[in-house]
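Novice: sequence first, predicted coordinates after that:
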Amino acid sequence: MTNEEIQELQERVIATIKTVYDPEIPVDIWELGLIYHLKFDLEGNLIVTMTLTSPMCPVAESLPAEVEMKLREVEGINDVKINLTFEPPWDKDMMSDVAQLELGFM
């Protein structure tokens, strides 16, 4: 894959991630800042490093699985691996301005 193809793939991946919502907060997980890192390789494999709003999150098992399932459907993705981390711990400052505005923090 060329850098341009990876850029286009990243845009499709982010658009897909923006369709996944934390069920307790009416904002998508991209804008919430739950996605820490996207790593693509030249074969179209993707490693996603993500977190949850808390380790005790009631969707701790289902949310990463939903992200993986949706990303596997993105054209150009060969394989997806989700790395769930709690370092650094998520806090509301990780939210985008869009999310903070939506939730009334701005």
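Specialist: Yep, that arrived. No experiment lies behind these values; they were computed from the predicted model shown.

Novice: same question for the strand or helix carrying residue 16, mean pLDDT?
Specialist: Element membership of residue 16, judged by DSSP states H and E, is helix 3-17. Over the span of helix 3-17, the pLDDT mean works out to 93.

Novice: could you pull out the buried residues of it?
Specialist: 9, 13, 16, 17 (16 or more other C-beta atoms under 10 Å). Where you see a C-beta, it was placed from the backbone N, CA and C, and this is true even at glycine.

Novice: ok, stretch 29-36 next?
Specialist: Buried residues in stretch 29-36, counting neighbours by 16+ other C-beta under 10 Å, are found at 29, 30, 31, 32, 33, 34, 35.

Novice: and these, which of them are in strands?
Specialist: residue 35 (DSSP state E).

Novice: including pLDDT and distance to residue 80, could the buried residues of stretch 29-36 go into JSON lines?
Specialist: JSON lines is the format used below for the buried residues of stretch 29-36 (pLDDT from 0 to 100; distance: C-beta to C-beta, whole Å):
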{"residue": "29", "pLDDT": "96", "distance to residue 80": "15"}
{"residue": "30", "pLDDT": "97", "distance to residue 80": "16"}
{"residue": "31", "pLDDT": "96", "distance to residue 80": "21"}
{"residue": "32", "pLDDT": "95", "distance to residue 80": "20"}
{"residue": "33", "pLDDT": "96", "distance to residue 80": "20"}
{"residue": "34", "pLDDT": "97", "distance to residue 80": "16"}
{"residue": "35", "pLDDT": "98", "distance to residue 80": "13"}
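
Novice: just the buried residues of stretch 29-36 now: which is nearest residue 55?
Specialist: residue 34 (12.9 Å; C-beta to C-beta).

Novice: quick check, central residue of the chain?
Specialist: Closest residue to the average C-alpha location of the chain: residue 35 at 3.9 Å, with C-alpha atoms, centre = their mean.
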